[in-house]
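**Q** can you look at this prediction? I've put the sequence above it.
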Amino acid sequence: MNTPNLPMIIPPRYAWNRGRIIGQKRPLMPKHVWAIRVRLELAENHRDLALFNMAVDSKLRGCDLICLKVPDVYTSGRIKERASVVQSKTGKSVQFEITEGTRKSLREWIGHPGMTGCDFLWPSRFHAPDHISTRQYSRLVKDWVTSIGLEPSDYGTHSLRRTKAAQIYKKTGNLRAVQLLLGHTKMDSTVRYLGVELEDALAISESVEI
């Protein structure tokens with residue numbers, strides 16, 4: 001008895017982002033930044049406080065932030081006021097400031113007994129002597145925003161990269177300065193990153209009454 005040729009059953013292929021909330025993540029507002037800082041200070045979580053402060057100040061991508069080494073920010077017994085790193089995505093150097101509050105948290109973290117002999121600024125607790133992973137960093141960000149009552153799906157590691165840049169643009173309107181601070185090679189990238197066109201259009205619309 002011949003068996004009829006049946007059509008091949010091909011399992012459905014789902015999109016990689018099925019069920020995920022994607023899109024540009026929101027920057028934190030100043031009140032959110034301070035709320036997270038206060039919680040980390042009260043918990044005496046020196047590592048997370050230093051990491052959070054550096055993420056906001058440096059405006060670095062997560063992949064560059066987690067790779068920072070102690071000499072990048074610390075030399076001759078003191079924390080630098082400005083630092084420079086080469087971006088892994090562009091291969092170009094970008095500079096950033098380290099504010100007094102961030103320097104204070106870095107001093108406390110670098111002086112922590114657990115940092116003795118560590119090369120990386122954020123050493124992994126599970127894969128020594130390597131640094132924390134981008135996945136670990138992402139989980140930390142979600143923990144931080146959740147701790148102050150924000151919806152974690154609205155925020156991510158890029159939220160911290162955008163936080164200070166968004167405030168600088170809001171207060172100065174200087175796109176060129178933001179472009180340099182973010183290390184973008186093209187102004188178009190900065191415009192898209194900040195959502196400038198949409199925000200400006202809404203601001204103009206709100207100011208017009210009919």
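**A** Received it, and whenever you're ready, just let me know what you need. Residues are numbered from 1 along each chain as shown.

**Q** tell me which stretches of this structure form helices.
**A** All helices of the chain, identified by DSSP state H, fall at 30-42, 46-58, 62-65, 70-73, 100-110, 134-147, 157-172, 175-182, 187-194, 196-207.

**Q** check the ones you listed for me and report the most buried one.
**A** Sort the helices of the chain by mean neighbour count, taking mean count of other CB atoms under 10 Å, and helix 46-58 sits at the top with a mean of 23. In short, each C-beta sits where N, CA and C put it, glycine included.

**Q** nearest to Asp119, of the helices of the chain?
**A** Proximity to Asp119 (CB to CB) singles out helix 70-73 among those, at 6.5 Å.

**Q** can I get the closest one as CSV, trimmed to CA atoms?
**A** Taking C-alpha atoms only, helix 70-73 is exported to CSV below (Å, rounded to 0.1, in the frame of the first residue of the first chain):
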residue,chain,number,x,y,z
VAL,A,70,40.0,51.6,37.8
PRO,A,71,42.8,53.5,36.1
ASP,A,72,40.2,55.1,33.8
VAL,A,73,38.9,57.1,36.6
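
**Q** residues in contact with that helix: which ones?
**A** With contacts defined as CB atoms under 8 Å, 6 or more residues apart in numbering, helix 70-73 is touched by 54, 79-80, 83, 85, 98, 106, 110, 115, 118-121.

**Q** quick one on the thing from earlier: okay, the helices of the chain in CSV with mean pLDDT next?
**A** Below are the helices of the chain laid out as CSV (pLDDT from 0 to 100):
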stretch, mean pLDDT
helix 30-42, 97
helix 46-58, 97
helix 62-65, 96
helix 70-73, 96
helix 100-110, 96
helix 134-147, 96
helix 157-172, 91
helix 175-182, 88
helix 187-194, 82
helix 196-207, 62
